[in-house]
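J.: Quick one, fold the following:
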Amino acid sequence: MRARLARCTAAAIALLLTGSADVRPEGWSNRSYYVAMPDGTRIALSLWFPGGKPPSSPTPVVLVQTRYGRAGMIRYGKPWVEAGYVVAAVDTRGSTASFGPRDGEITADEIRDMDALIAHLARQPWSNGQVIAAGVSYMADTADIATSRPAPALKAAIVREVDFDAYLHLFAPGGVENSYMLNAWGGATRELDLGRDGRGGPLDCRARVEDCPKLYPQLQPVDDDRDFAQLRSALNGRRRWGPEDYVEAEYRDDPGRNGHRLFDLSPAAQLAGIRRQAKPAQIWGSWMDAGTAEAALARFRSAPGVPMELWITANDHNHRTFADPFFPDRTDPVPSIDAQFEANRAFADRARAGQRPKRLIHYYVLGTGAMRTTASWPPAGAVTTRLMLGAGGRLAAKPQVAGVDTHRVDFAATTGKQTRWSTNFGTSPRYPDRRAEDRRLAVYDGAPMTRDMELAGTPVLSVELASDSRDPALFAYLEDVAPDGRVTYLTEGQLRLIHRKPADPKSLPYDQGPAPHSFRRADALPVVPSQTMTVRFALSPVAAKIARGHRIRLALGGHDADTFKRYPATGEVTFRIARGGRDPSRIELPMRVWKD
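T.: This is a model prediction of the structure:
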């Protein structure tokens, strides 16, 4: 079916470009051309107009800056066109149909391009001079960074699933390399930028002109490029970074072999401009999507003077599929797709009217199917509950007798192939009952809840730990255990233990929340085998209802086989987990009584 559709699309494009027909493939823009940047680099721009023609009256613009092929952006842009906006999508510098090298992602040159693009759109004869930056994932990062720029025409940004700190919230959470994302995503996007099939097929636009139309919507030529000559010129000889450039970039301040740090492509690297410009922003994240919930909350904390509205769901990366582990059979997103767009549109309309949004957090509560709203995080009334590791795999609120638990790391342990880390690359999260997988981990259970409780905030783990490895990682999972024994995933955290040195919050590039670490090379601490060390770090934030009779479970391990790099690369690892004593190992949970 896919092959037949590709042949039909390619034939339609060929007829369209030769002038033999006016049949446009789905998603083909109403107008497309190159825009020259101040340094002469040409950027491919596509426009979709309400009704298919340039508006006769001044109209606002939604700008999407993508590196995945601008033709595909109409999937997100169509509702905006139907709402009366012009949608503009660009292939960012050095990606797909635009000219220039691609030595890194969201480089300084690409950021400067934003100024020229926004100004270009604002002065078009059909434009009312108002631009809204919008997008999901990479496009969210570019939209967020646009708010740091001195661009008067930019009125607001709709930022859906942002990587506020690309190092910490995506590629190396806790300093643990997310090998799946770095290698799979980095490899696939390199194929896109070199004019080849990002799905691993044989198509190659640089090598064979007849392959070019078959790569739509990944590649769309501009309107006057009927023979694909300009498109192929943009592709030929292009420099492009690869995942191998970051093999030795283990710390947040390490540049890759390409000269770029992962942190540099992050909105957090532009925090000073975000604060200074104070553009209204609607920020979306999900408890079930990599570090996007923490990314949204980190932006909220780090820019207290910037008007912003947060929406944190339990959906997948595109907010099209529901992923609450308590409801494994439900797939319709919460809020619905229509309700999401209505929230986007209403926010954009208010921002264009000059209305300053209230700083609010709309968040979903796992296990309930419901959204709540708060002005602060954690929500008012949440109190830190300390549960200490005890003998017999217990979590207890009272001091425990000192002792040690020995755990041999099972390097086959996994959270699966459908997780918060897979959804960035198109596979929606699905967390099954974890009772079998927990047999591979060191498990500690709390007492049954005597009333319904809400866990809402950022859990923090403190462990006194010794290891026989010089380079271990610690993984922590917070889970709900039902009376019938079902174990439901809530959240997780991980830390490569050389990063365990506590950081002075004032020394960090943004507010990282509780128990921060710098992840700088100079702050690394060697792990001395068999020597007890204090390990304290935050898990990913979460909101969940813990029902009466259910238990909180903490499960500890040393690897997640389907996602992360192994530490150490070879050999066995044993943990000695101390409990009790003067500074007991514990999990700290922000809790409050559940109120319907």
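
J.: Touching the helix or strand in which Glu309 is found from outside, list them.
T.: Assessed by DSSP states H and E, Glu309 sits inside strand 308-313. Around strand 308-313, the neighbours that count as contacts under C-beta atoms under 8 Å, 6 or more residues apart in numbering are 280-287, 293, 296-297, 299-300, 319, 333-335, 340, 343, 347, 357-364, 371, 543. Quick note: C-beta positions are derived from backbone N, CA and C, even for glycine.

J.: redo that, cut-off 6 Å
T.: For strand 308-313, the external contacting residues (C-beta atoms under 6 Å, 6 or more residues apart in numbering) are 281-286, 293, 296, 300, 357, 360-364.

J.: Could you pick out the buried ones from the residues you listed?
T.: Neighbour-count burial (16 or more other C-beta atoms under 10 Å) applied to those gives 281-286, 293, 296, 300, 357, 361-364.

J.: Show me which pair in those residues is furthest apart.
T.: Distance extremes for the buried ones among the contacts of strand 308-313: the farthest pair is Ser286 and Pro357 at 20.5 Å, using C-beta to C-beta.

J.: List the buried residues for stretch 371-387?
T.: Met371, Thr374, Trp377, Pro378, Pro379, Ala382, Thr385, Leu387.

J.: okay if I get these as TSV plus pLDDT and secondary structure?
T.: Output for the buried residues of stretch 371-387, formatted as TSV (pLDDT from 0 to 100; DSSP: H, G, I helix; E, B strand; the rest coil):
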residue	pLDDT	secondary structure
Met371	98	strand
Thr374	98	strand
Trp377	97	coil
Pro378	97	coil
Pro379	97	coil
Ala382	97	coil
Thr385	97	strand
Leu387	98	strand
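
J.: just those now: which is nearest Ala166?
T.: Nearest to Ala166 among the buried residues of stretch 371-387: Trp377, at 21.8 Å, using C-beta to C-beta.

J.: residue contacts, that closest one?
T.: Trp377 is in contact with Leu297, Ile361, counting by C-beta under 6 Å, 6+ apart.

J.: For Leu297, see how far away it is.
T.: In this view, Trp377 and Leu297 are 6 Å apart by C-beta to C-beta, to the nearest Å.

J.: I'd like the distance between the closest residue to Ile74 other than its chain neighbours and Arg226.
T.: Excluding its sequence neighbours, the residue lying closest to Ile74 (C-beta to C-beta, 6 or more residues apart in numbering) is Gly27, at 4.5 Å. Distance from Gly27 to Arg226, counting by C-beta to C-beta: 19 Å.

J.: Quick check on those two: which one has the bigger neighbour count.
T.: Remark: of Gly27 and Arg226, Gly27 carries more neighbours, 20 against 14, as counted by other C-beta atoms under 10 Å.

J.: Help me confirm that the more buried one comes into contact with Ala71.
T.: Yes - counting by C-beta atoms under 6 Å, Gly27 touches Ala71, with 5.0 Å between them.

J.: what residues are shared contacts of these two?
T.: Joint contacts of Gly27 and Ala71 (C-beta under 6 Å, 6+ apart) are Pro217.

J.: Now do the strand holding Glu309: distance to the chain's middle.
T.: Remark: strand 308-313 is offset 14 Å from the chain centroid, using C-alpha atoms, centre = their mean, to the nearest Å.

J.: For whichever helix or strand comes after it, list every residue counted as buried.
T.: The helix or strand immediately downstream of strand 308-313 is helix 337-352, counting by DSSP H and E. Of the residues in helix 337-352, Gln340, Phe341, Ala343, Asn344, Arg345, Phe347, Ala348, Asp349, Arg350, Ala351, Arg352 count as buried by neighbour count, 16+ other C-beta under 10 Å.

J.: got it, and stretch 220-240?
T.: Of all the residues in stretch 220-240, those buried under the rule 16+ other C-beta under 10 Å are 220-223, 225, 228, 230-232, 234-235, 238, 240.

J.: burial count for His550?
T.: Residues near His550, counting by other C-beta under 10 Å, number 20.

J.: Next, give phi and psi for it.
T.: His550 adopts backbone torsions of phi -90, psi 160, taken as degrees, to the nearest 10.

J.: I'd assumed Asp480 was in contact with it.
T.: Yes - His550 lies in contact with Asp480 (C-beta under 6 Å); the separation is 5.4 Å.

J.: can you tell me the helix or strand for the closest residue to Ile158 other than its chain neighbours?
T.: If the residues on either side of it in the chain are set aside, Ile158 comes closest to Ala134, at 4.0 Å by C-beta to C-beta, 6+ apart. Following DSSP H and E, one finds Ala134 within strand 127-136.
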